[in-house]
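# Next input, structure requested:
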Amino acid sequence: MTGKLSENITYFARALRDAGLPVGPGAIIDAVEAVEAAHIGTRVDFYWTLHAIFVKKHEHSEVFDQAFRIFWRRKALIEKIIATLSPFSPAAKDDKPKKKEAGALRAAEALLKTKPNEPPPEEEEVEFSARLTISEREVLQSKDFAQMTAEEIAKARRLIDRLELPDDRRKTRRLVPSTQGKMIDTRRTFRRSLRNGGAVIDLAWRAPVEKPPPLVAICDISGSMADYTRLFLHFIHALTDKRRRVHTFLFGTRLTNVSRSLRHRDPDEALALCSSQVQDWSGGTRIGTSLHRFNREWSRRVLGQGATVLLFTDGLERDDTDELRLEIDRLHRSCHKLVWLNPLLRFDGFEARASGIRAILPHVDEFRPIHNLNAMETLVKALSKDVSEAANPKRWLKQVA
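Numbers count the residues shown, from 1 in each chain. Predicted coordinates for the structure are as follows:
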């Protein structure tokens, strides 16, 4: 097949690859040959033919749907091209698929870079001195999430996906057979000795299983946290994709468990499911009430085996702080480590003056900022280490004592 159709399929495949789908040159050749062999005559046939070639996993279907709708949105474009290819093509009706939010952002950003009919711009040679310049990645690493553009946020998400978690495995009570264990497995030892009539005793050993500790994220989604919540949820999604035991709870004026939604492999689909599940996004804040519900309904289920809790909030409580003080103390006693992540720490002149902040600080193990990529990398490295002096909450209490 030659002409505009094969050319447009090639550009469409490149856009899918930029959006995250594993599309290679072989898939493009297969797609062109499949369209030619199928003698397609309608838009629906064309859609499912390309879908069968380019979509290999269920989570890629949403991105493909959005990319197809945006790339081929010109009215009757597909029908006109097919008509020139297939002389027996019937007039097709334009079936408009239902609009879906998940995957739309990634598909749109990938397609904006793909302009099949526009020649590449001429490159101008510019001479400059690089002695005082800083790489784009270094600037992005230290830039505040609230000041990022849409393009920078997309780059930040890709960098978050590449974060490497530390190997912070801990021993559990469960024992399994091992060649280097220190505990004798009596039952297996007796069975081995019976094979030789009891003349030779071949000792069998067992050792405790080592697993990463559970990670529990309790995230504030109130209006004051809106500029940071979505990127932090993308960070939690990356952790969930790399670890099995990650539990996520969102709260504004009420608590919502979104752990199952964040287990979806596609990040856009996962965040879309979270948004549909939560009713109080960008609303008020009731930290004490939300922690009370967590302690009563979820703490015994998810805080076992040395769990680490990430509390993501600015600490600006609207209700009385007596309940908050009681519930944060109970949460601290129930987990192995309680890490408070507060974007207000990005300010050099931050002081623990607010009543909600003063109620939480005495009951946390670490107090860290969470406003840029550098702060996220520091958090990942510190998950398996002892508290550093810079993150010790006592230093903040001494300033206002």
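
# what about the nearest residue in space to residue 321 that is not next to it in sequence, which helix or strand?
Of all residues beyond its chain neighbours, the one nearest residue 321 is residue 359 (4.2 Å), with distances taken as CB to CB, 6 or more residues apart in numbering. To be clear about C-beta, it is placed using only N, CA and C from the backbone, and glycine gets the same treatment. Following DSSP states H and E, one finds residue 359 within helix 355-360.

# Check which helices and strands that helix sits against.
Where contact means 3 or more CB pairs under 8 Å, 6 or more residues apart in numbering; DSSP states H and E, helix 355-360 is packed against helix 321-334.

# Residues in contact with the helix holding residue 359: which ones?
287, 311, 315-317, 321, 324-325, 328, 340, 342, 352, 397, 400 (CB atoms under 8 Å, 6 or more residues apart in numbering).

# Produce a PyMOL select command limited to the buried residues of the residues you listed.
In PyMOL, this line selects whichever of these come out buried by 16 or more other CB atoms under 10 Å:
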select buried, resi 287+311+315+316+317+321+324+325+328+340+342+352
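
# how about the contacts of helix 355-360 in CSV, adding distance to residue 277, pLDDT and secondary structure?
Formatted as CSV, those follow (distance: CB to CB, whole Å; pLDDT from 0 to 100; DSSP: H, G, I helix; E, B strand; the rest coil):
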residue, distance to residue 277, pLDDT, secondary structure
287, 20, 92, helix
311, 20, 93, strand
315, 25, 87, coil
316, 24, 85, coil
317, 24, 83, coil
321, 29, 87, helix
324, 25, 92, helix
325, 29, 92, helix
328, 25, 94, helix
340, 25, 91, strand
342, 25, 89, coil
352, 33, 78, coil
397, 36, 69, helix
400, 38, 55, coil
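
# Report back the residue of this protein that's furthest from centre.
The outermost residue of the chain relative to its centre, with distances by CA atoms, centre = their mean, is residue 199 at 58.1 Å.

# Toward the C-terminus, what is the element adjacent to the host helix or strand of residue 9?
In this assignment (DSSP H and E), residue 9 forms part of helix 4-18. Using DSSP H and E, the helix or strand that directly follows helix 4-18 along the chain is helix 25-38.

# Next SSE downstream of that following helix?
helix 43-54.

# Need the residue closest to the centroid of this protein.
residue 237 (2.4 Å).

# Could you check how many residues crowd around residue 187?
The local packing of residue 187 (other CB atoms under 10 Å) involves 10 other residues.

# Where does it fall, secondary structure wise?
helix 186-195.

# and that helix, what does it pack onto?
Against helix 186-195 (3+ CB pairs under 8 Å, 6+ apart) you get no helix or strand.

# averaged over its residues, what pLDDT does the very next helix or strand once past it have?
Later in the chain than helix 186-195, the nearest helix or strand by DSSP H and E is strand 205-211. Averaging pLDDT along strand 205-211 gives 82.

# Pull out the buried residues from strand 205-211.
Under 16+ other CB under 10 Å, the buried positions of strand 205-211 are 205, 206, 207, 208, 211.

# I figured the fourth one hits residue 180, correct?
Yep, that's residue 208 we're talking about. No - counting by CB atoms under 8 Å, residue 208 stays clear of residue 180, with 11.9 Å between them.
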